[in-house]
Structures are given as structure tokens and as C-alpha cells.
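Provide a 3D model corresponding to the input given below.
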Amino acid sequence: MRTRGRKYEAARQQVPPRLHVIEEAVPLLQRIKYTKFDETVELAVRLGVDPKHSDQMVRGTVVLPHGLGKSKKVLVIAGADKQREATEAGADEVAGEEVVERIMGGWQDFDAVVATPDMMRAVGRLGKVLGPRGLMPNPKTGTVTLDVAKAVQEIKAGKVEFRVDKAGVVHAPIGKISFEADRLVANARALLETIVKAKPSAAKGRYVRSMTLSSTMGPGVPIDTAQADTLVKQ
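Residues are numbered from 1 along each chain as shown. Coordinates of the predicted model:
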């Protein structure tokens, strides 16, 4: 069993044993921070779905209104006709299908991958390499597209992909703990609203079962699930 340090325990004891709204959870996390580095803040949402059934899979993307505080390195795999467009949009690496062999050889100096449809025959070989990192291009998340400029710009602006895991939980970052509190709140609300709107029609019963807001090293702050209901009504 993992043991926690004294600083973590001291921080955990400052979290009142009750449900919180996002607006009070964010400043609470900032107040009890005890590390020296700029931690990432993450929202975890446990859903009432069974991911083993394809019709209950929850996945999607959201462009956070205030970004993530770090610009992602974007690789675009495209034909010659789209490579200039990708470069002008701010892609960090632009290549054709020859980059597949480079990635197979171990190169992974990128945080997101965008590919044009005509490249997917070659890119498909990277499933076992990119899949575990959540980087495999997919039409559903807008990363297999002819509009490479839009895809690059959205990723650079703070686009976040989310996907429910085997336990029925969605984990996604909403920014850095150094952000102004209202910016983290806005990002959290945008993510939560998108997750709620992604509810599969096959999901029965209560959709949002529980929510927790936490920083990289800090304790989790339980969030009142009633906020999931009010967000989509506003």
C-alpha cells in the first residue's frame, strides 16, 4: 500500500469532509499546495456507464477557454499539398509517411498527432505505439482531417481529448495550479459540460456518479455532482 508523506497528510486534513462546488474547490487546492513546481490540476469524473459496451463509450474533445498553460508539440503527418498549411498554422513537426518509421524506431518528441486521411494507411501501423499514449489520430477527435490548420490551432489553444477508462472514469487536465482561480473554474466547467453532453443514449440511471478535483501531488477535493446537472441547464 502506498504511503503518503507528512506534507500530503497535512494538506489532506485541510480538506473539509463534504462535497464542494468547483468555485470553492479551486482556491482550496491552491491554498493547500505544498510543492515547489507548478502542478497540473485535473478533474476526474466517475460515470454511470459500462465502457465494455461500445454504445456506452464516452469520448470527445473540448477547447478549454483558458488553455492548459503549456503549448503542446504538434506533429502533422500529411501529403505535400497540406504540409505548408500545417507549418503556417504552427505545427512543430511536419512530415509525410516516412515519419512512421522514425516513430517505430523510438522517436516520440511530440504531444499530439494530426494526420490527413490519405496518410492513415501508413499511420495505422502506429496503433500499438501511439494508442497507449492516447495519441493515435482519430476522426472522432478531429485529428484525422483535411483541415490541418484548424486542428493544429485548436490543439495549440488548449484542446483536450478525454476518454472514459475501464473503470468508467474520465480524467482530464484543466490547467496549472498557478492559474487565476476563475480561469481554472471556467476550464473545469467547460470540460464538465462537454462530458455531460457526451452522455450515450444507452447509459441508464445516474450518469455522473462522483467527481474529484486534484493537483498532481495534492489530495482530491470531492465535488458535488449537482453541478453537472446545473451546467447544462444554463
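
where does pLDDT dip in this structure?
Filtered on pLDDT under 70, the chain yields the residue ranges 1-3, 230-234.

how long is stretch 114-134 from one end to the other?
Stretch 114-134 stretches 12 Å from its first residue to its last (C-alpha to C-alpha, to the nearest Å).

beta-bridge partners for Arg163, please?
Beta-bridge pairing for Arg163 (DSSP bridges): Arg59.

list the contacts of it.
By C-beta atoms under 8 Å, 6 or more residues apart in numbering, the contact set of Arg163 is Met57, Val58, Arg59, Gly134, Val170. Where you see a C-beta, it was placed from the backbone N, CA and C, and this is true even at glycine.

nearest to Ala80 among those?
Using C-beta to C-beta, Gly134 is the member of the contacts of Arg163 that lies nearest Ala80, at 28.3 Å.

how many neighbouring residues does the closest one have?
Residues lying near Gly134 (other C-beta atoms under 10 Å) number 12.

how about it: what's its closest non-neighbour residue?
Glu161 (6.7 Å; C-beta to C-beta, 6 or more residues apart in numbering).

on the three-state scheme, the one you found is what?
When classified by DSSP: H, G, I helix; E, B strand; the rest coil, Glu161 comes out as strand.

thought it was touching Pro137?
No - using C-beta atoms under 8 Å, Glu161 is not in contact with Pro137; the gap is 10.9 Å.

with neighbour numbers in mind, choose between these two.
Between Glu161 and Pro137, counted using other C-beta under 10 Å, Pro137 has the larger neighbour count: 25 against 18.

do you know how far the more buried one is from Leu192?
Distance, Pro137 to Leu192, using C-beta to C-beta, to the nearest Å: 26 Å.

give me every residue that touches Asp118.
Residues near Asp118 by C-beta under 8 Å, 6+ apart: Gly79.

repeat that for Val100.
Contact analysis of Val100 by C-beta under 8 Å, 6+ apart lists Ile77, Ala122, Val123, Arg125, Leu126.

go again using 10 Å as the cut-off
Ile77, Met119, Ala122, Val123, Gly124, Arg125, Leu126, Val129 (C-beta atoms under 10 Å, 6 or more residues apart in numbering).

for His20, state which of these is nearest.
Val129 (39.6 Å).

what about that closest one, which helix or strand?
According to DSSP states H and E, Val129 maps onto helix 127-130.

which residues are contacting that helix?
Contacts with helix 127-130, where a contact means C-beta under 10 Å, 6+ apart, come from Val100, Ile103, Met104, Gly106, Gln108, Phe110, Val113, Val123, Leu135, Met136, Pro137.

enumerate every residue touching the second one.
With contacts taken as C-beta under 10 Å, 6+ apart, Ile103 has the following neighbours: Leu75, Ile77, Ala95, Asp109, Phe110, Val113, Val123, Arg125, Leu126, Val129, Leu130, Leu135.

tell me where the chain has helices.
In the chain, the helices defined using DSSP state H lie at 6-12, 22-32, 80-89, 99-104, 120-123, 127-130, 148-157, 181-197, 226-233.

can you show me the CA trace of the third one as CSV?
In CSV, the C-alpha atoms belonging to helix 80-89 read as follows (Å, rounded to 0.1, in the frame of the first residue of the first chain):
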residue,chain,number,x,y,z
ALA,A,80,3.0,17.6,-49.7
ASP,A,81,-0.1,19.6,-50.5
LYS,A,82,-1.0,20.1,-46.8
GLN,A,83,2.4,20.3,-45.3
ARG,A,84,2.8,24.1,-45.9
GLU,A,85,-0.6,24.7,-44.4
ALA,A,86,0.4,22.8,-41.3
THR,A,87,3.7,24.7,-40.9
GLU,A,88,2.0,28.1,-41.3
ALA,A,89,-0.6,27.0,-38.6
